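Undergrad: from the sequence below, what's the structure:
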Amino acid sequence: MTTRYSADALTAFAIALLVEAGLDTDKAEATARILVEGDLMGHSTHGLQLLGGYLGEVEAGRMAKSGTPIVLAERPAALTWDGGCLPGPWLALEAIDAAIERAKIYGTGTVAIRRSHHIGCLAAYPLRAIEQGMALLLACSDPAAGSVAPFGAIAGRYTPNPIAGGWPLEEDDAVIFDISASTTTNGMVNRLNRLGQGGKLGGPWLVDNQGNATDDPACFLADPPGAILPLGGMDLGHKGFALGLLVEMLTSALSGHGRADAPKQWGASVFVQVIDPAAFGGREAFQRETEWLGRACRTAPVKPGDPAVRLPGERGLKLRREQQQSGVALHPEIMPSLKPWAEKLGVPLPATI
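TA: Numbers count the residues shown, from 1 in each chain. The predicted model follows:
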């Protein structure tokens with residue numbers, strides 16, 4: 001039987017842990033809500049799975065407990081922040097809100113952030129803008145890590161570099177996407193290696209140190225380690241490589257701090273852009289076009305017996321609604337990994353449903 005927890009109970013549990021660890025309440029609340037959103041939408045490697053790591057970063061002094069970002073540059077529709085290693089979910093939500101306010105005036109608002117801490121699951125953010133009738137683009141990279149191989153190489157040089165976005169369709173409907181510029185993520189490879197049960201990836205998504213494509217996550221543990229292939233794999237990885245470089249440009253290059261600075265600690269460079277359709281062809285025309293295309297895709301013919309086409313984010317939003325009602329089914333390793341932190345910080349484990 002699947003163990004489930006109410007989303008509110010999980011959020012309160014995560015807030016309590018983060019506050020006991022020393023985070024300001026507003027930062028703890030933002031971080032907890034984004035992590036639980038990740039699990040609500042089915043992204044189990046980027047939800048509460050990350051909380052133990054975040055608590056370790058707070059304890060070690062590598063995640064700032066309080067403060068505000070430093071404004072490095074500002075124009076009417078553009079901001080650049082130094083995040084000072086503040087909690088990434090809080091910084092990203094603050095950036096989205098700042099971008100929304102600028103988009104209301106100028107049509108778009110863009111925020112680039114250097115030295116943020118990790119921002120969690122990118123799919124957890126677009127609803128923040130969608131609920132105000134706006135579109136969001138969000139990307140991040142970690143300039144201190146390099147696990148993805150450039151196309152044709154056998155060693156990592158950059159990170160999976162996710163890019164996400166979303167925009168409204170009909171009432172309570174939206175397109176939301178969250179894709180990495182790589183075939184898989186560090187979180188998935190690391191989970192399989194942690195579980196240590198011979199589990200394999202869903203395809204030859206890695207390259208070992210001899211240049212062979214493989215589905216074996218253990219190649220990450222070799223000396224020298226293997227690497228994640230760019231999206232498209234051995235055949236079409238030049239496309240994922242280009243997308244990965246685009247994310248590097250939007251995040252580290254625009255924020256003015258990245259791999260050339262040789263940072264050493266876990267963190268993120270972040271790009272946030274909000275677009276107000278009212279400033280372009282108008283919201284009515286925007287909705288007409290996006291809804292027409294959405295219907296056309298959903299009604300496209302499929303092979304007999306196959307399910308209808310789903311739009312990006314459709315499954316995640318459906319799962320989110322279901323789990324808000326029936327409870328969140330966490331991956332089996334998550335709560336045991338948080339139990340030691342709960343005991344250490346004196347926070348009761350959440351009750352199951």
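
Undergrad: just the strands from the stretch 1-150 of the chain, written as ranges.
TA: Ranges of strands within the stretch 1-150 of the chain are 4-5, 70-75, 78-82, 108-116, 135-141, based on DSSP state E, counting those that start in this stretch.

Undergrad: run through who's touching the first one.
TA: Yep, that's strand 4-5 we're talking about. Strand 4-5 is contacted from outside by 323, 326, 327, 328, 329, 330, 350, 351, 352, 353, using CB atoms under 8 Å, 6 or more residues apart in numbering. No exception for glycine: its C-beta is placed from N, CA and C like everyone else's.

Undergrad: which ones are touching the second one?
TA: Read it as residue 326. 4, 353.

Undergrad: can you show me the helices along the stretch 151-300 of the chain?
TA: In the stretch 151-300 of the chain, the helices defined using DSSP state H, counting those that start in this stretch lie at 186-195, 233-248, 254-255, 283-298.

Undergrad: how far off centre is the shortest one?
TA: Mean-position distance between helix 254-255 and its chain equals 19 Å (CA atoms, centre = their mean, to the nearest Å).

Undergrad: what's that helix packed up against?
TA: strand 78-82, strand 108-116, strand 268-275 (3 or more CB pairs under 8 Å, 6 or more residues apart in numbering; DSSP states H and E).

Undergrad: need the winner for burial among the ones you listed.
TA: Neighbour counts (mean count of other CB atoms under 10 Å) averaged over each of these peak at strand 268-275, with a mean of 27.

Undergrad: tell me the helices and strands packed up against the biggest helix by length in the chain.
TA: Counting residues, the longest helix in the chain under DSSP state H turns out to be helix 88-106. In terms of contacts (3+ CB pairs under 8 Å, 6+ apart), helix 88-106 is packed against helix 25-40, strand 78-82, strand 108-116, helix 127-130, strand 135-141, strand 268-275.

Undergrad: recalculate using a threshold of 7 Å.
TA: Applying 3 or more CB pairs under 7 Å, 6 or more residues apart in numbering; DSSP states H and E, one finds that helix 88-106 contacts helix 25-40, strand 108-116, helix 127-130, strand 268-275.

Undergrad: and the contacts of the last one?
TA: With CB atoms under 7 Å, 6 or more residues apart in numbering as the contact definition, strand 268-275 has outside contacts at 88, 92, 95-96, 99-100, 103, 108-114, 116-119, 129, 134-143, 250-252, 254-255, 257-258.

Undergrad: which among these end up buried?
TA: 88, 92, 95-96, 99-100, 103, 108-114, 116-119, 129, 134-143, 250-252, 254-255, 257-258 (16 or more other CB atoms under 10 Å).

Undergrad: what's around residue 33, how many residues?
TA: 20 (other CB atoms under 10 Å).

Undergrad: please read the previous query as pertaining to residue 289.
TA: When counting by other CB under 10 Å, one arrives at 12 neighbours for residue 289.

Undergrad: gap between it and residue 336?
TA: 48 Å (CB to CB, to the nearest Å).

Undergrad: now swap in residue 41 and tell me
TA: 22 Å.

Undergrad: could you do residue 117 as well?
TA: 24 Å.

Undergrad: chain neighbours aside, what residue packs nearest to residue 239?
TA: residue 232 (4.7 Å; CB to CB, 6 or more residues apart in numbering).

Undergrad: which residues touch that neighbour?
TA: Residues near residue 232 by CB under 7 Å, 6+ apart: 238, 239, 240.

Undergrad: ok, now residue 130?
TA: Taking CB under 7 Å, 6+ apart as the contact definition, residue 130 lies against 166, 167, 168, 174.

Undergrad: wait, the first one sits on residue 174?
TA: Yes - the pair residue 166 / residue 174 is scored as a contact, 5.5 Å apart, by CB atoms under 7 Å.

Undergrad: if you count surrounding residues, which of those two has more?
TA: Taking neighbours as other CB under 10 Å, residue 166 and residue 174 compare with residue 166 leading, 26 against 22.

Undergrad: picking up where we left off before, in a markdown table, list the helices and strands packed on helix 88-106 along with distance to residue 179.
TA: Putting the helices and strands packed on helix 88-106 into a markdown table (distance: least, CB to CB, whole Å) gives the following:
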| stretch | distance to residue 179 |
| --- | --- |
| helix 25-40 | 15 |
| strand 108-116 | 20 |
| helix 127-130 | 17 |
| strand 268-275 | 15 |
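
Undergrad: out of the ones you listed, the one nearest residue 315 is which?
TA: Proximity to residue 315 (CB to CB) singles out helix 25-40 among the helices and strands packed on helix 88-106, at 12.2 Å.

Undergrad: what's the angle from the closest one to helix 88-106?
TA: 90 degrees (axes from the mean of the first three to the mean of the last three CA atoms, to 10 degrees).

Undergrad: buried set for helix 25-40?
TA: So, applying 16+ other CB under 10 Å, buried residues of helix 25-40: 27-40.
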